[in-house]
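Colleague: I need the structure of the sequence given here:
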Amino acid sequence: MPHLAFSTPLGDITLFEEDAAVVAIDWGHADGGGKSALLQEAMHQITAYFAGTLRSFTLPLRPTVTKFQRRLWRALEDIPYGQTASYGEIAHLIDSGPRAVGGACGRKPLPIIIPCHRVLAAQGKIGGYSGLDGLDTKRFLLRLEGAL
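Modeller: So this is what the prediction gives:
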């Protein structure tokens with residue numbers, strides 16, 4: 001599977017492509033791979049996001065997810081850059097429960113691009129984050145967007 005690893009302010013990440021779509025982002029560096037125009041564009045967009053010059057991604061995405069996760073990702077993509085929503089608010093939008101939303105966010109295949117970091121616990125508490133350094137990573141992304 002074509003993939004591309006590169007450095008970000010949070011450390012190395014690796015992008016994975018399948019059938020002309022980005023299917024996953026992993027924290028860390030995967031050796032090998034093979035650069036493609038799509039992976040190069042995804043790297044460019046993520047780099048621009050970290051530079052503060054890109055607020056939304058325009059990449060073909062095709063993560064392997066359940067129907068529930070797909071509904072959740074769509075709701076997460078609707079949270080504007082620099083804003084947050086609660087697990088409860090998202091659960092209400094997709095007719096689910098806050099714990100199910102939190103669990104699905106924890107299994108996200110496309111961190112950063114699918115903005116699970118914009119989802120907070122009740123009363124604006126930071127909640128959890130399963131990526132890289134956990135809550136430190138979530139706080140970094142929220143500060144980058146001006147949401148903290």
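Colleague: out of everything not next to it in sequence, what's closest to the most far-flung residue of the chain relative to its centre?
Modeller: Residue farthest from the centre of the chain, counting by CA atoms, centre = their mean, is residue 32 at 23.2 Å. In this structure, residue 32 finds its nearest non-sequential neighbour in residue 3, 7.5 Å apart by CB to CB, 6 or more residues apart in numbering. (C-beta placed from N, C-alpha, C; glycine too.)
Colleague: can you check residue 68 too?
Modeller: residue 104 (6.6 Å).
Colleague: average pLDDT for the helix or strand hosting residue 104?
Modeller: Applying DSSP states H and E as the criterion places residue 104 in helix 98-106. Averaged across helix 98-106, pLDDT comes to 91.
Colleague: just checking, what packs against it?
Modeller: helix 67-77, helix 87-93, strand 119-120 (3 or more CB pairs under 8 Å, 6 or more residues apart in numbering; DSSP states H and E).
Colleague: Please verify my assumption that the residue nearest to residue 32 contacts residue 34.
Modeller: Yes: between residue 3 and residue 34 there is a contact under CB atoms under 8 Å: 7.4 Å.
Colleague: hang on, the earlier thing: ok so the residue farthest from the centre of the chain is a helix residue?
Modeller: No: secondary structure assignment (DSSP: H, G, I helix; E, B strand; the rest coil) places residue 32 in coil, not in a helix.
Colleague: Check the gap between it and residue 122 for me.
Modeller: Distance, residue 32 to residue 122, using CB to CB, to the nearest Å: 43 Å.
Colleague: Tell me the buried residues in stretch 2-11?
Modeller: By neighbour count on 16 or more other CB atoms under 10 Å, the buried set for stretch 2-11 is 3-5, 10.
Colleague: got the domain boundaries for the chain?
Modeller: For the chain, automatic domain parsing gives the domain ranges 3-51, 67-144.
Colleague: Make JSON lines out of those and add distance to residue 60.
Modeller: Converted to JSON lines, the domains of the chain look like this (distance: least, CB to CB, whole Å):
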{"stretch": "domain 3-51", "distance to residue 60": "4"}
{"stretch": "domain 67-144", "distance to residue 60": "11"}
